[in-house]
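Participant: I would like the atomic coordinates for the input below:
(one chain, ligands or ions: 1)
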Amino acid sequence: MSTASKGLEGIVAADTQMSFIDGEKGVLEYVGIPIDELARHSTFEETVFLLWNRRLPSRTELESFQREMRSEYDLPAPIEKIIETFPAGAQPMHALRTAVSAMGMFDPDPNSVDPAQYRRKALSILAKAPAIIAAFDARRNGRLVTRADPSLSFAANFLWMLNGKRPTPAMERAFDVCMILHADHGLNASTFTARVIASTLSDVYSAMAGAIGALRGPLHGGANEGVMTMLNEIGSVEKVDAWVEDALRNKKKIMGFGHRVYRAYDPRATYLKTLAEQLSKDTGNERLFEMSRRIETAMLNAVAAKGIYPNVDFYSATTYHSLGLKLDLFTPMFALSRISGWAGHCLEQLAANRLIRPDADYVGPHDVAYTPLAAR
Ligand code: ACO
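Facilitator: Numbering: from 1, shown residues only. As a prediction, this is how the structure comes out:
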């Protein structure tokens, strides 16, 4: 009889000072500050400082942190060359994972786990991730790569590199808020992956590449693309109720709903819903928002009793679509932000490291005689 805790739910496997989640009440805080406060008043750069230092920066500290991050925006030439060899039909999450992994080969000292060096390398990966996505997107569309602009914030620089034009202040703010909301979230699957890799004292490039791989799965960050695909498939508000009913009858998981920890409304989804409503109105995508709202109502009527509510991925689909992002860039957007959380967790892991190595219950046979190949 297996004693394994399948899915490890309820198992506490690490201490963290970064994010606090109360899944019953629908609360999320970064270093004690409610996510709503940060979404209203902070910036992504300030939020990364907060997560990595467990306090808000002074103005001088923030400026210095921004300078440091922005000086790292550009990709080294060999990484640009590697990206040019990627097939145009590759998926951006594969491109991001591969380029981050390749960065390790061009770092003269890739394996250092000295905290200051690890943090510097992590900041470089975070700062360069937008350039990786933008360079790959330019390449697959046969466009020239737009150079990074160190005078711009993380959010504005990404949109500038991706679209080759300056974002409006409203677009920059909306994207920046998305980055804040996705930065960290306890010991989720990709963060756990990163911490396991860090716990072996492996390098930061391996930890980030492994985490990107975990995030892209449809049960995790890949769900935001799944939501958009579902919206496209349903097609109109009138078809929502029958579609949801049919999907639930066939035991399908509806993308963007449910969460391992939340049994209440995901507070990130609350904020994203407001953002999606505003942006969809501004960009003529009201139909998507209305469909989403209708799906939410149908789901709440059907499964709220089980504690299934919209998660962070549900309204981010309409938000990203309204921001003009292509469908397969939705999950990379999540990764851009979450690199900050993964890196913060790896630094926490290294500060009090113990190899993460759980057990497995062996449930196979014993004392089996070896049959020679010729006799099989
Ligand atoms: N649609 C329909 N029913 C659902 C959904 C859903 N999205 N999620 C859970 N349920 C149902 C399950 O079928 C199960 O019902 P049952 O008790 O009758 O069998 C019950 O709710 C409990 O669900 P579990 O699957 O046990 O919950 P678990 O904690 O394992 O799953 C998960 C969490 C994987 C996120 C799940 O809700 C899911 O697959 N959601 C869709 C994918 C998604 O949106 N992922 C993003 C999560 S957020 C993030 O990672 C950033």
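
Participant: in stretch 99-108, which residues are buried?
Facilitator: Across stretch 99-108, burial judged by 16 or more other C-beta atoms under 10 Å covers 99-104, 107. Quick note: C-beta positions are derived from backbone N, CA and C, even for glycine.

Participant: CA atoms of stretch 133-142 as PDB?
Facilitator: Presented in PDB, the C-alpha positions along stretch 133-142 are these (Å, rounded to 0.1, in the frame of the first residue of the first chain):
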ATOM      1  CA  ILE A 133      11.300  36.700 -26.400                       C
ATOM      2  CA  ALA A 134      11.400  39.900 -28.600                       C
ATOM      3  CA  ALA A 135      14.400  38.600 -30.600                       C
ATOM      4  CA  PHE A 136      12.800  35.300 -31.200                       C
ATOM      5  CA  ASP A 137       9.500  36.900 -32.200                       C
ATOM      6  CA  ALA A 138      11.300  39.300 -34.600                       C
ATOM      7  CA  ARG A 139      13.200  36.400 -36.100                       C
ATOM      8  CA  ARG A 140      10.100  34.200 -36.700                       C
ATOM      9  CA  ASN A 141       8.400  37.200 -38.400                       C
ATOM     10  CA  GLY A 142      11.500  38.100 -40.500                       C
END
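
Participant: what about that stretch, distance to the chain center?
Facilitator: Averaging C-alpha positions (C-alpha atoms, centre = their mean, to the nearest Å) puts stretch 133-142 20 Å from its chain's average.

Participant: going forward, the N-terminal residue is numbered 851.
Facilitator: Got it, first residue is 851 now, which makes that one stretch 983-992.

Participant: contacts for that stretch?
Facilitator: Outside of stretch 983-992, the residues within contact range by C-beta atoms under 8 Å, 6 or more residues apart in numbering are 925, 930, 933-934, 936, 938-940, 942, 945-946, 949, 994-996, 1008, 1011-1012, 1176, 1179, 1182, 1186.

Participant: hmm, try it at 7 Å
Facilitator: Contacts made with stretch 983-992 from outside it, assessed by C-beta atoms under 7 Å, 6 or more residues apart in numbering, are listed as 925, 930, 933-934, 936, 938, 942, 945-946, 994-996, 1008, 1011-1012, 1179, 1182.

Participant: of these, grab the buried ones for ChimeraX.
Facilitator: In ChimeraX, the members of the contacts of stretch 983-992 classed as buried (16+ other C-beta under 10 Å) are selected with the following command:
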select :925,930,933,936,942,945,946,995,996,1008,1011,1012,1179,1182
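
Participant: now, the contacts of stretch 983-992 that are in helices?
Facilitator: Taking DSSP state H as the definition of helices, these contribute 930, 933-934, 942, 945-946, 1008, 1011-1012, 1182.

Participant: mind giving me the domain ranges of this protein?
Facilitator: According to automatic domain parsing, the chain comprises the domains 869-1069+1189-1201, 1073-1172.

Participant: smallest gap between the stretch 1101-1226 of the chain and the ligand, at which residue?
Facilitator: residue 1108 (2.2 Å; C-beta to the nearest ligand atom).

Participant: near that residue, how many other residues are there?
Facilitator: Residue 1108 has 21 neighbours, counted by other C-beta atoms under 10 Å.

Participant: give the contact list for it.
Facilitator: Residue 1108 touches 1158, 1161, counting by C-beta under 7 Å, 6+ apart.

Participant: which residues in the chain form strands?
Facilitator: 869-872, 877-880, 883-884 (DSSP state E).

Participant: now render the ones you listed as a markdown table, adding mean pLDDT and mean neighbour count.
Facilitator: Below are the strands of the chain laid out as a markdown table (pLDDT from 0 to 100; neighbours: other C-beta atoms under 10 Å):
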| stretch | mean pLDDT | mean neighbour count |
| --- | --- | --- |
| strand 869-872 | 97 | 18 |
| strand 877-880 | 98 | 20 |
| strand 883-884 | 98 | 15 |
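
Participant: residue 1004: which of the ones you listed is closest?
Facilitator: Smallest distance to residue 1004 across the strands of the chain (C-beta to C-beta): 16.3 Å, for strand 877-880.

Participant: what's the offset of the closest one from the middle of its chain?
Facilitator: For strand 877-880, the distance to the chain centre is 16 Å (C-alpha atoms, centre = their mean).

Participant: who's in contact with that strand?
Facilitator: 868-871, 885, 888, 897, 900-901, 1034, 1117-1118.

Participant: swap in stretch 1044-1054?
Facilitator: Contacts of stretch 1044-1054 (C-beta under 7 Å, 6+ apart): 864, 954, 960-961, 963, 968, 971-972, 975, 1056-1058, 1060-1061, 1192, 1195-1196, 1199-1200, 1203-1206.

Participant: tell me the buried residues within those residues.
Facilitator: Buried members of the contacts of stretch 1044-1054, counted by 16+ other C-beta under 10 Å: 864, 954, 963, 968, 971-972, 975, 1056-1058, 1060-1061, 1192, 1195-1196, 1199-1200.

Participant: now the contacts of strand 877-880 as CSV including distance to residue 1165?
Facilitator: Output for the contacts of strand 877-880, formatted as CSV (distance: C-beta to C-beta, whole Å):
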residue, distance to residue 1165
868, 23
869, 20
870, 22
871, 18
885, 14
888, 17
897, 19
900, 24
901, 23
1034, 19
1117, 12
1118, 9
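
Participant: for those residues, which single residue is the most surrounded?
Facilitator: residue 1034 leads the contacts of strand 877-880 on contacts (other C-beta under 10 Å) with 28 neighbours.

Participant: my guess is that residue contacts residue 1192. True?
Facilitator: No - if you go by C-beta atoms under 7 Å, residue 1034 and residue 1192 don't touch, sitting 8.6 Å apart.

Participant: nothing else from me, thank you.
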